[in-house]
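Participant: coords below, sequence missing:
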């Protein structure tokens, strides 16, 4: 699906979930996107969304070892981001915070990662699920879809 600056947050969210499940992105932790020699990249779950915003000309990027995303011209006062969502991306996707934090304890999807005692921790954000709890992209998509309203 081709998205634009004018896409609805529901369209953006659905495409983001599709891309997380696509198998086309290599997962990383701690940064939105890391660029390697030869053009290979790895993304956190929020980096996939931010890459979609680049494709829609909503934000721009500068490629270093860590890819930094810059607000589009006219988004004054915003700083570049390498580990959280820019305000313009959050608004485009209907996400309330830069770490995609849940407003209440989320419903944990079946098959979510567990600790050594078999307990499944409920992450407080998609960043925690991605960076600390070992969720893969498909599990993150399940978590986000189950708790869509809590992300707004």
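Facilitator: Arrived safely, thanks for sending. In this text the structure is predicted, and so the values were computed from the model without any measurement.
Participant: how far away is residue 29 from residue 16?
Facilitator: According to CB to CB, to the nearest Å, residue 29 and residue 16 sit 18 Å apart. The way it works is simple: take the backbone N, C-alpha and C, and place the C-beta from them, glycine included.
Participant: for residue 10, same thing?
Facilitator: 11 Å.
Participant: these two: who's more crowded?
Facilitator: With neighbours defined as other CB atoms under 10 Å, residue 10 and residue 16 compare such that residue 16 has more, 22 against 11.
Participant: skip the chain neighbours and tell me the closest residue to that one.
Facilitator: residue 49 (5.0 Å; CB to CB, 6 or more residues apart in numbering).
Participant: hang on, residue 34 in a strand?
Facilitator: Yes - using DSSP: H, G, I helix; E, B strand; the rest coil, the assignment for residue 34 is a strand.
Participant: and residue 138, how many neighbours?
Facilitator: The number of residues near residue 138, taken as other CB under 10 Å, comes to 15.
Participant: now the helix or strand hosting residue 92: mean pLDDT?
Facilitator: Element membership for residue 92 (DSSP states H and E) is helix 87-93. Averaged over helix 87-93, pLDDT sits at 91.
Participant: and the next element down the chain from it?
Facilitator: Criterion used, DSSP H and E; the element after helix 87-93 is helix 126-131.
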